[in-house]
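> give me a 3D structure for the following:
(chains A and B)
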2 protein chains.
Amino acid sequence: MKDIRNIAVIGGGSWATAIVKMLSENLDTIGWYMRSVYAIEHIKRNKHNPSYLSSAELHPEQLDLSDDINAIVEKYDVLIFAIPSAFLSVELEKLTIPLHDKIVFSAIKGIIPESGLIVGEHFHKHHDVAFENIGVITGPCHAEEVAMERLSYLTLACQDEKKAKELSKSIAGRYIRTKISDDIIGTEYAAMLKNIYAIAAGIAHGLGYGDNFQSVLMSNAIREMKRFIKKVHKMKRNINNSAYLGDLLVTGYSVFSRNRMFGNMIGKGYTVKSAMFEMSMVAEGYYATKSAYAIKSENGAKTPIIDAVYNVLYDKKEAKDEFKKLTNRLD
Amino acid sequence: MKDIRNIAVIGGGSWATAIVKMLSENLDTIGWYMRSVYAIEHIKRNKHNPSYLSSAELHPEQLDLSDDINAIVEKYDVLIFAIPSAFLSVELEKLTIPLHDKIVFSAIKGIIPESGLIVGEHFHKHHDVAFENIGVITGPCHAEEVAMERLSYLTLACQDEKKAKELSKSIAGRYIRTKISDDIIGTEYAAMLKNIYAIAAGIAHGLGYGDNFQSVLMSNAIREMKRFIKKVHKMKRNINNSAYLGDLLVTGYSVFSRNRMFGNMIGKGYTVKSAMFEMSMVAEGYYATKSAYAIKSENGAKTPIIDAVYNVLYDKKEAKDEFKKLTNRLD
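Numbers count the residues shown, from 1 in each chain, chains lettered A, B, ... in the order given. Purely as a prediction, here's the structure:
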């Protein structure tokens, strides 16, 4: 019998730390795997994560910390994965404990570069997790505002809505509201696509387009997202719900979004390579663009914004020319 | 026979000045009425409006300027009204020339305080203008960005779409794209409602809510706007088009929006009266809130955000308490 209150978080970044903070408000014990022994020791001693979201106060007495992913996976029934999609495969390769009898929630925004799959599909296909045991936790939510205990709304999606509802009891609280959905595929694609649109917003800003254009870009982006997701998984969904439109807006309008920053540098004339080098990391949207372009090329969705970003990032087209063309495809 | 290229702008503010600038790119002569003789003389001599959008270079040789509204109305077939809704009645009272054989486009965002009507309905009811001769020019568009010649998209709506299309030829240009619509009522209500949502965004910001909440607020606002407009005038429309969602975003995310600023002061603890006094003007959304509340009370649309703003502005409720209640009505 799986205990839905027996939860571990996998990952040591900002978003993982924010989720641990939310869970700490409701649970006595939370499993927490992270790679860095140094960070674990620091958390135990200083009550905060040294490198990420360090303003969030943590309570080591509630935390079952380990740098051994198998030790954590073995002990807990519900695993919340919150590591950058680009590192997920490496972590999963370490696993000797099978996942097929776990409940896996993904708080990862993106696509697995190696498989080109969204996270839920990846767990299903490569780790035998049944779809009814796969869920998604999605924003709109900057981790930084969770640290500040600013009111945020999360959407928990699972085909088996009961599980999402049960899990939400451990997540909702004073500054966290939760909404339940059964659209795991749609919410995952929304979370992935929004990063591409944030890159587009950054490129536009870097090129000198203003707020008037930004609002038109976002208005077109949500319509494009709707067309894209409809082609991938047709079901009744309101694309203006927080998990889709809200998530797009919180990222597309954020000057702190790494995807937007990455786009901004490209708009200002950096090459893709030098922008990556300068940021010393790869923005999630970079991989998402390639996968989304491949998917839309197959299913025929009309996606002018994804096309423009793809052409700039992967086809060496000039951002200025591509966005000039793009302006004629928007309305 | 009406000449759709025989156009005058009524109003001397920022938005009127921006529209004159757009028209100047396409027309040899533009009629322009404004109250201030001083501003007219200044424009003739210094090639820019002294008080509004003064960075926009104007070309006096193209401008038929007058402080006599009747002189202008008499000469021109198409009248673009761009004055704050609160002052429209006063200006219209000066008219001795009838409007019934004119084409009237409204670039006014708001409701006529005296009649509680949106502008198109006001012209129809009180000035005998047929609906086929009434149009709306709407954003998303900050006038300031037109002055800077930053790419902006306008929607021109008219029941008789041909007229909107014809007029668009005099407006579209190097930095202005136009879209045609037949939804004059929906676009007008959207332009009016967005100011209420901008006040709500300002109040939330003033109270200390963050970007996560702002994105949820906007995601709820567009759904509320859809419900409201559907009750008022049911027709097939995509609420995510630029004239609705884009216009909401450009205002709701603008730190320069006077409505958002007004809300922000109230969120920070100013009384309604003192916020108005400090701003030395009344935000359009203040009147819009009262009208929208009356309309929704009649048609039964579910409008938690309008309700909260109304209770704060007109029912002396504490912003803090009202927004706490509001957070439970959003998702």
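
> contacting residues for A:Ser219?
B:140, B:240-242, B:245-246, B:249 (CB atoms under 8 Å, 6 or more residues apart in numbering or on different chains). (C-beta placed from N, C-alpha, C; glycine too.)

> mind running it again at 7 Å?
Contact analysis of A:Ser219 by CB atoms under 7 Å, 6 or more residues apart in numbering or on different chains lists B:240-242, B:245-246, B:249.

> got a pLDDT number for A:Gly110?
With respect to pLDDT, A:Gly110 scores 79.

> just A:Asn212 next, same as before
What the model reports as pLDDT for A:Asn212 is 97.

> quick check, it in contact with B:Val250.
Yes. Counting by CB atoms under 7 Å, A:Asn212 does reach B:Val250; the two are 6.1 Å apart.

> overlap in contacts, these two.
Common neighbours of A:Asn212 and B:Val250 (CB under 7 Å, 6+ apart) are B:140, B:142.

> near chain A, which of the contacts of A:Ser219 show up?
Residues shared between the contacts of A:Ser219 and the neighbourhood of chain A are B:240-242, B:245-246, B:249 [CB under 7 Å from any CB of the partner chain].

> could I get those residues as TSV with distance to A:Ser254?
Shown next, in TSV, are the ones next to chain A among the contacts of A:Ser219 (distance: CB to CB, whole Å):
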residue	distance to A:Ser254
B:Asn240	20
B:Asn241	24
B:Ser242	21
B:Leu245	18
B:Gly246	18
B:Leu249	14
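
> just those: which are in helices?
Assigned to helices by DSSP state H, the following of the ones next to chain A among the contacts of A:Ser219 qualify: B:Leu249.

> show the buried residues in the ones next to chain A among the contacts of A:Ser219.
Taking 16 or more other CB atoms under 10 Å in any protein chain shown as the criterion, what is buried in these is B:240-242, B:245-246, B:249.

> ok, the most centrally placed residue in chain A - contacts?
By CA atoms, centre = their mean, chain A has its centre lying nearest to A:Lys109, at 1.8 Å. By CB under 7 Å, 6+ apart, A:Lys109 lies in contact with A:191-192, A:195, A:284.

> state the distance from it to B:Glu25.
Counting by CB to CB, to the nearest Å, the gap from A:Lys109 to B:Glu25 is 43 Å.

> phi, psi of A:Glu145?
phi -80, psi -20 (degrees, to the nearest 10).

> my guess is it meets B:Gly210, correct?
Yes. Counting by CB under 7 Å, A:Glu145 touches B:Gly210, with 4.4 Å between them.

> number of nearby residues for A:His100?
By other CB atoms under 10 Å in any protein chain shown, the residues close to A:His100 number 11.

> what does A:Thr138 give?
28.

> got the domain ranges for chain A?
A:7-182, A:186-329 (automatic domain parsing).

> end to end, how far does stretch A:140-160 reach?
22 Å (CA to CA, to the nearest Å).

> is that stretch up against chain B anywhere?
Yes. Applying CB under 7 Å from any CB, one finds stretch A:140-160 in contact with chain B at A:140-142, A:145, A:148, A:150-153.

> how about stretch A:263-274?
No. Shown here: stretch A:263-274 not in contact with chain B (CB under 7 Å from any CB), separated by at least 13.8 Å.

> A:Arg5 is in contact with A:Leu27, isn't it?
Yes. Between A:Arg5 and A:Leu27 there is a contact under CB under 7 Å: 6.3 Å.

> which residues touch the nearest residue to A:Asp68 once chain neighbours are set aside?
Nearest residue to A:Asp68 in three dimensions, chain neighbours excluded: A:Tyr33, at 7.4 Å (CB to CB, 6 or more residues apart in numbering or on different chains). Going by CB under 7 Å, 6+ apart, A:Tyr33 touches A:8, A:10, A:66, A:69, A:72.

> now render these as TSV, adding pLDDT.
As requested, the contacts of A:Tyr33 are arranged in TSV below (pLDDT from 0 to 100):
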residue	pLDDT
A:Ala8	98
A:Ile10	98
A:Ser66	98
A:Ile69	98
A:Ile72	98
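
> which of those fall within helices?
When DSSP H is applied, the contacts of A:Tyr33 are split such that A:69, A:72 fall in helices.

> from the contacts of A:Tyr33, which two are the most distant?
Farthest-apart pair in the contacts of A:Tyr33 is A:Ile10 and A:Ser66; separation 10.6 Å (CB to CB).

> who's more crowded, the two?
The residue with more neighbours, out of A:Ile10 and A:Ser66, is A:Ile10; 26 against 18, by other CB under 10 Å.

> so what's the more buried one bridging to?
A:Tyr33, A:Phe81 (DSSP bridges).

> against A:Ala190, how distant is it?
For A:Ile10 relative to A:Ala190 (CB to CB), the value is 22 Å.

> who touches the lowest-mean-pLDDT helix or strand in chain A?
Least confident element among the helices and strands of chain A, by mean pLDDT, DSSP states H and E: strand A:111-112 (a mean of 85). Applying CB under 7 Å, 6+ apart, the external contacts of strand A:111-112 come out as A:85, A:88-89, A:117-119, A:122, A:192, A:287-288, A:291.

> of those residues, which is the nearest to chain B?
Within the contacts of strand A:111-112, the smallest distance to chain B is 17.2 Å, found for A:Met192 (CB to the nearest CB).

> remind me which helix or strand that closest one belongs to.
helix A:184-207 (DSSP states H and E).

> is any residue of that helix near chain B?
No. Helix A:184-207 does not reach chain B (CB under 7 Å from any CB); its nearest approach is 9.3 Å.

> heading C-terminal from that helix, find the next helix or strand.
The first helix or strand that comes after helix A:184-207 along the chain, using DSSP H and E, is helix A:211-232.

> then stretch A:40-52 to CSV, C-alphas only?
Extracted in CSV, the C-alpha atoms of stretch A:40-52 (Å, rounded to 0.1, in the frame of the first residue of the first chain):
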residue,chain,number,x,y,z
ILE,A,40,23.8,18.5,2.6
GLU,A,41,26.3,19.2,5.4
HIS,A,42,25.7,22.9,4.9
ILE,A,43,21.9,22.5,5.2
LYS,A,44,22.3,20.4,8.3
ARG,A,45,24.5,23.0,9.9
ASN,A,46,23.2,26.3,8.6
LYS,A,47,19.5,25.6,7.9
HIS,A,48,19.6,26.8,4.3
ASN,A,49,20.8,25.5,0.9
PRO,A,50,24.2,27.1,0.2
SER,A,51,23.8,27.6,-3.5
TYR,A,52,20.1,27.8,-4.3
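
> which parts of it are buried?
Neighbour-count burial for stretch A:40-52 [16+ other CB under 10 Å]: A:40, A:42-43, A:48-49, A:52.
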